[in-house]
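A.B. asks: sequence below, structure please.
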Amino acid sequence: MSILSPTPRDPRLTALLEKGSSRPETPDLESQQGRRNAPARLLDDEGAITTKFERALGHIFAKYASPKPTQLSATNSSSTPSPPDDLLTPPEGSVLDSQGLDRFAEATNGQIFSEEAKEEIQYLDSTPEGFLTFKGFLELYQLQTENDEEETWKDLSTHGFDRNLNLVSTRQSGVDEDKPLPMNELRGIGMGGEQISTV
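C.D. replies: Residues are numbered from 1 along each chain as shown. Sure thing, here's the model as predicted:
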């Protein structure tokens, strides 16, 4: 369990989180014959983020944070995808600067946060420069999950996690935007191919 305790809520942040997303409904990756399996718990009985949820959020945060985790470049040096349990861990002191926050928001919601939303995020744990810390990222998701757990599951699914918080799809993970990708990874058919630049 995380040592993060619930934070006092700013009414403007609560309103921002209650707006919801304009994204279409995300399919449940773990449903079978129309019945949902019991998902992993995101929050414990006291409302704190569970350890497994924190690891998943750490992976998502690390993809967009500065500095990048050293593990990210190690997994990208190979053309084979990283194993599902090989989650990234944000380096100590890493933050989501404005570019990282924009990349995270666009990958998660299809658009960057408005300036108003960015101002609200600064009420969470952030640096003097206004960059979101991992603790602030956890606070953001704790508030969102308390208000709309399904929205959190959509975000997790978008970043490749199933309802057991296992990384099952690396649609966004393990991609270094400055390196070319083999055609087989782009097509998802495993047939090899020439390198194509992602720039």
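A.B. asks: tell me which residues touch E129, please.
C.D. replies: D97 (CB atoms under 8 Å, 6 or more residues apart in numbering). To be clear about C-beta, it is placed using only N, CA and C from the backbone, and glycine gets the same treatment.
A.B. asks: what's the burial count for K118?
C.D. replies: Applying other CB atoms under 10 Å, we find 16 residues neighbouring K118.
A.B. asks: swap in E115?
C.D. replies: E115 has 8 neighbouring residues, counting by other CB under 10 Å.
A.B. asks: again, but for the one 10 residues further on
C.D. replies: Using other CB under 10 Å, the number of residues around D125 comes to 16.
A.B. asks: need the contact list for it.
C.D. replies: Counting by CB under 8 Å, 6+ apart, D125 touches 132-133, 135-136, 139.
A.B. asks: please flag which of these sit within strands.
C.D. replies: 132-133 (DSSP state E).
A.B. asks: which one (most neighbours) among the contacts of D125?
C.D. replies: In these, the most neighbours by other CB under 10 Å go to L132, 26 neighbours.
A.B. asks: about what we covered before: tell me the one of the contacts of D125 nearest I60?
C.D. replies: Ranked by distance to I60 (CB to CB), the contacts of D125 are led by L132 at 12.3 Å.
A.B. asks: now tell me which helix or strand of this protein has the poorest mean pLDDT.
C.D. replies: helix 183-187 (a mean of 47; mean pLDDT, DSSP states H and E).
A.B. asks: where along the chain do the helices fall?
C.D. replies: Here the chain has its helices, by DSSP state H, at 11-18, 51-64, 70-76, 98-109, 115-121, 134-147, 149-158, 183-187.
A.B. asks: what's the closest of those helices to N164?
C.D. replies: helix 51-64 (8.4 Å).
A.B. asks: wait, I121 touches I112, no?
C.D. replies: No - contact criterion CB atoms under 8 Å: I121 and I112 do not qualify, at 11.9 Å.
A.B. asks: higher neighbour count, the two?
C.D. replies: Using other CB under 10 Å, the more surrounded residue of I121 and I112 is I121, with 22 against 16.
A.B. asks: give me the number of neighbouring residues for L96.
C.D. replies: Neighbourhood size, L96 [other CB under 10 Å]: 26.
A.B. asks: who is it paired with across the strands?
C.D. replies: L132 (DSSP bridges).
A.B. asks: including distance to L167, could the helices of the chain go into TSV?
C.D. replies: Output for those, formatted as TSV (distance: least, CB to CB, whole Å):
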stretch	distance to L167
helix 11-18	25
helix 51-64	7
helix 70-76	12
helix 98-109	15
helix 115-121	25
helix 134-147	16
helix 149-158	10
helix 183-187	16
